[in-house]
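Colleague: with the input below, show me the fold.
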Amino acid sequence: MGTAKIGIVTVSDRASAGVYEDLSGKAIIDTLNEYLLSEWQAVYEVIPDERELIEATLKRLADVEGCSLIVTTGGTGPAKRDVTPEATEAVCDRMMPGFGELMRQVSLQYVPTAILSRQTAGLRADTLIVNLPGKPKSIRECLDAVFPAIPYCIDLMEGPYLECNEAVIKAFRPKNNAIDKQRRMT
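Modeller: Numbers count the residues shown, from 1 in each chain. Below is the predicted model of the structure:
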């Protein structure tokens with residue numbers, strides 16, 4: 001299947017305006033570099049909290065760039081300009097609520113304000129889109145929780161095979177997974 005393309009989208013008015021450095025998007029890239037043994041290419045964007053722009057970016061990364069996974073950071077809180085979940089829902093065919101539920105559950109172990117987070121995930125054709133919080137520490141905690149399910153989700157959508165560094169994170173794939181066996185042989 002070649003090199004997997006993964007979209008990394010930081011949604012932040014200030015980072016997109018250059019007021020501060022985007023540490024969140026870089027934290028996602030660093031984490032994925034630790035997780036993945038497979039070759040992958042980041043398609044990295046830093047955009048303001050504008051719903052139409054978020055929707056257009058997600059569509060372009062999925063439909064034109066061919067990203068099998070898009071991970072967003074930022075815009076998931078209760079502030080008026082936090083519209084990443086709404087943009088994600090608008091472009092997805094089907095929602096995957098378990099991702100947000102698990103991320104909030106994990107984050108609640110660290111901060112009581114995790115209940116204010118509105119992270120979600122969904123599917124747009126052959127692309128999984130996952131919304132993460134905006135803080136690098138929270139990004140890692142949430143990715144550590146949900147990433148074990150991501151490679152198998154992408155397998156089921158017939159996307160690229162993502163092989164993980166099991167010393168860092170172990171992807172869950174059923175033991176008698178025909179998709180897994182077929183992909184490893186090709």
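
Colleague: okay, CA-based contacts and neighbour counts for the rest of this
Modeller: Noted.

Colleague: element containing the residue lying closest to residue 147 once chain neighbours are set aside?
Modeller: Computed as CA to CA, 6 or more residues apart in numbering, the closest residue to residue 147 that is not its neighbour in sequence is residue 171, at 7.1 Å. Assessed by DSSP states H and E, residue 171 sits outside every helix and strand.

Colleague: I'd assumed residue 153 was in contact with residue 171.
Modeller: No - in this structure, residue 171 is not within contact of residue 153 by CA atoms under 8 Å, at 10.3 Å.

Colleague: what's the longest helix in the protein?
Modeller: Using DSSP state H, we find that the single longest helix of the chain is helix 23-35.

Colleague: contacts only, for residue 117.
Modeller: By CA atoms under 8 Å, 6 or more residues apart in numbering, the contact list for residue 117 reads 76, 77, 78, 104, 133.

Colleague: out of those, which is most surrounded?
Modeller: Tallying neighbours with other CA atoms under 10 Å puts residue 133 at the head of the contacts of residue 117, with 26 neighbours.

Colleague: looks like that one contacts residue 119 (just checking).
Modeller: Yes - Residue 133 lies in contact with residue 119 (CA under 8 Å); the separation is 6.9 Å.

Colleague: return every residue with contacts to both of those two.
Modeller: Shared contacts of residue 133 and residue 119 (CA under 8 Å, 6+ apart): residue 76.

Colleague: OK, contacts around the residue nearest to residue 147?
Modeller: For residue 171, the contact set (CA under 8 Å, 6+ apart) comprises 147, 148, 149, 150, 151, 152, 163, 164.

Colleague: check residue 82 too.
Modeller: Here residue 82 is in contact with 49, 74, 75, 76 (criterion: CA under 8 Å, 6+ apart).

Colleague: give the contact list for the third one.
Modeller: In other words, residue 75. Residues in contact with residue 75 (CA under 8 Å, 6+ apart) are 11, 12, 49, 81, 82, 83, 84, 85, 133, 134.
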